[in-house]
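*Asks:* A structural model of the following input is requested.
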Amino acid sequence: MAEVNYTYVPWEQLQARTIAVFRAAGSDLREAQLIAEHLVEANLRGHDSHGVGVVPMYLRSQRAKGLVLNQELRVAIDTGAMLICDAGLGAGQVMAHDAMVLGIERARDEGSAIVSLRNSHHIGRIGHWAEQCAAAGMVSIHFVNVVAGAIVAPFGGTQARLGTNPFAAAFPRAGQPPVVVDFATSTLASGKVRVAHNKGVPIPAGALLDNQGKPTTDPGKLFETPPGALTTFGEHKGWGLMLACELLGAALVGAPTQHVGPGTGTVINSMFSVIVSPERLGTAGLFAGELEAVLGWVTSEDGVRLPGQPELDSRIVRIANGIPVDPATLDQLEAAARDVGMNGFLAA
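*Replies:* The predicted structure follows:
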């Protein structure tokens, strides 16, 4: 495996420089802060695929008018039980945050709420939105579609047809971090393949097919012309959940779906979220007791870890030691910063 010479950047510096880049690109302060905080938090959690490495892609999307800075979230439909919010291609870190605020408020009043966010630019790490709900005492589940060009082959196929369509859920705990389930329905998220490509390292076997439909561990095969295709996790089970994310996340609410092959270079997400307040339902005490009973039972064997725990462990290490940025990603960030008139990404 190739040795990677990382630059370790303190998270505060990485966040401040990301804010500066988006301010230079035209974002107001709140938008720049929400984008930067989200991306750096993904890095801290060990998900560099959804961290600051996406900044060059975001800026390219803005220039191509696939990302509209300083957009305001619009409630398109409100039936009481369900809100459909339209992002108008706004920054996903703002649009998803504000949609979850509306959903949390509605669930607090009514006991539950369904919130759809449609037509948003990339909303990043989906677990972030589940964690936002959990911080407010809510249980939530999230189904997301990805329109960015077909990149994942259905189970049984060799040609890409859908996006990586992630799923997330979170369960709050009193005095403890929430249980957070968050994963792409492809074997690997496309961003993780990009990270491996930048590092010059192979990906695990079984995650990728080349453009001839043959298994490969070379991440570069995903970015060839024509591109390769990711596989679904869990064979037919992941494929079924991927399709459900497409239909719930987008088709149901009139949002764009992935039904053609080529992409435009812009990532558009729509998200279907169900948010439930145990407190408003009157089940908070019972829920907390049964949750802890289940968690105690499933972790009673050595070596079993709860979903979300590896991310919390990564956060501790990276806060202490800095966030590793590989040379290719750093070069891309430096070029992106210069494109918006800065001296460079890490230069003050």
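*Asks:* all contacts plus neighbour counts: C-alpha atoms, from now on.
*Replies:* Will do.
*Asks:* helices of the stretch 1-150 of the chain, start to end?
*Replies:* Assignment of helices within the stretch 1-150 of the chain using DSSP state H, counting those that start in this stretch yields the ranges 11-25, 29-44, 55-63, 92-110, 127-135.
*Asks:* all strands for the stretch 151-300 of the chain, in order.
*Replies:* Secondary structure of the stretch 151-300 of the chain (DSSP state E, counting those that start in this stretch): strands at 167-173, 176-183, 208-209, 215-216, 229-230, 268-276.
*Asks:* of those strands, which approaches residue 101 most closely?
*Replies:* strand 268-276 (10.8 Å; C-alpha to C-alpha).
*Asks:* direction included, what does the closest one pair against?
*Replies:* Sheet pairing of strand 268-276 (DSSP bridges) gives strand 112-121 (antiparallel), strand 139-147 (antiparallel).
*Asks:* just put those in JSON lines and tack on mean neighbour count, distance to residue 225 and mean pLDDT.
*Replies:* Listed next are these as JSON lines, based on neighbours: other C-alpha atoms under 10 Å; distance: least, C-alpha to C-alpha, whole Å; pLDDT from 0 to 100:
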{"stretch": "strand 112-121", "mean neighbour count": "27", "distance to residue 225": "24", "mean pLDDT": "98"}
{"stretch": "strand 139-147", "mean neighbour count": "27", "distance to residue 225": "19", "mean pLDDT": "98"}
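*Asks:* and the ones you listed as CSV, adding distance to residue 154?
*Replies:* Rendered in CSV, the data for the strands paired with strand 268-276 read as follows (distance: least, C-alpha to C-alpha, whole Å):
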stretch, distance to residue 154
strand 112-121, 24
strand 139-147, 15
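*Asks:* circling back to that earlier point, any chance of TSV for the strands of the stretch 151-300 of the chain, columns distance to residue 117 and mean pLDDT?
*Replies:* Shown next, in TSV, are the strands of the stretch 151-300 of the chain (distance: least, C-alpha to C-alpha, whole Å; pLDDT from 0 to 100):
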stretch	distance to residue 117	mean pLDDT
strand 167-173	14	98
strand 176-183	18	98
strand 208-209	30	98
strand 215-216	35	98
strand 229-230	26	97
strand 268-276	5	98
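*Asks:* residue 20 is nearest to which of these?
*Replies:* Between residue 20 and the strands of the stretch 151-300 of the chain, the tightest spacing by C-alpha to C-alpha is seen for strand 268-276, at 23.9 Å.
*Asks:* now the angle between helix 92-110 and that closest one, please.
*Replies:* Regarding strand 268-276 and helix 92-110, their directions subtend 20 degrees when assessed with axes from the mean of the first three to the mean of the last three C-alpha atoms, to 10 degrees.
*Asks:* what's the angle between strand 268-276 and strand 167-173?
*Replies:* Using the same axes, to 10 degrees, the interaxial angle of strand 268-276 with respect to strand 167-173 works out to 30 degrees.
*Asks:* gap between strand 268-276 and the chain center?
*Replies:* 12 Å (C-alpha atoms, centre = their mean, to the nearest Å).
*Asks:* test my guess that residue 305 contacts residue 299.
*Replies:* Yes. Look at residue 305 against residue 299 with C-alpha atoms under 8 Å: they come within range, at 6.5 Å.
*Asks:* where do the contact lists of the two overlap?
*Replies:* Where contact means C-alpha atoms under 8 Å, 6 or more residues apart in numbering, no residue is in contact with each of residue 305 and residue 299.
*Asks:* can you pull the contacts of residue 8?
*Replies:* Contacts of residue 8 by C-alpha under 8 Å, 6+ apart are 321-325.
*Asks:* can you give me the neighbour number for residue 224?
*Replies:* Number of residues near residue 224 (other C-alpha atoms under 10 Å) recorded here: 11.
*Asks:* could you report the neighbour count for the closest residue to it other than its chain neighbours?
*Replies:* Of all residues beyond its chain neighbours, the one nearest residue 224 is residue 211 (8.0 Å), with distances taken as C-alpha to C-alpha, 6 or more residues apart in numbering. If you count neighbours by other C-alpha under 10 Å, residue 211 ends up with 20.
*Asks:* what's the answer for residue 208, then?
*Replies:* Around residue 208 there are 29 other residues, counting by other C-alpha under 10 Å.
*Asks:* so it sits against residue 227, correct?
*Replies:* No. Assessed by C-alpha under 8 Å, residue 208 is found out of contact with residue 227, at 10.6 Å.
*Asks:* which residues does the closest residue to residue 281 other than its chain neighbours contact?
*Replies:* Nearest residue to residue 281, sequence neighbours excluded (C-alpha to C-alpha, 6+ apart): residue 111, at 5.4 Å. With contact taken as C-alpha under 8 Å, 6+ apart, residue 111 is in contact with 276-281.
*Asks:* now residue 323
*Replies:* 7-11, 43-44.
*Asks:* state the distance from residue 29 to residue 228.
*Replies:* Taking C-alpha to C-alpha, to the nearest Å as the criterion, residue 29 is separated from residue 228 by 39 Å.
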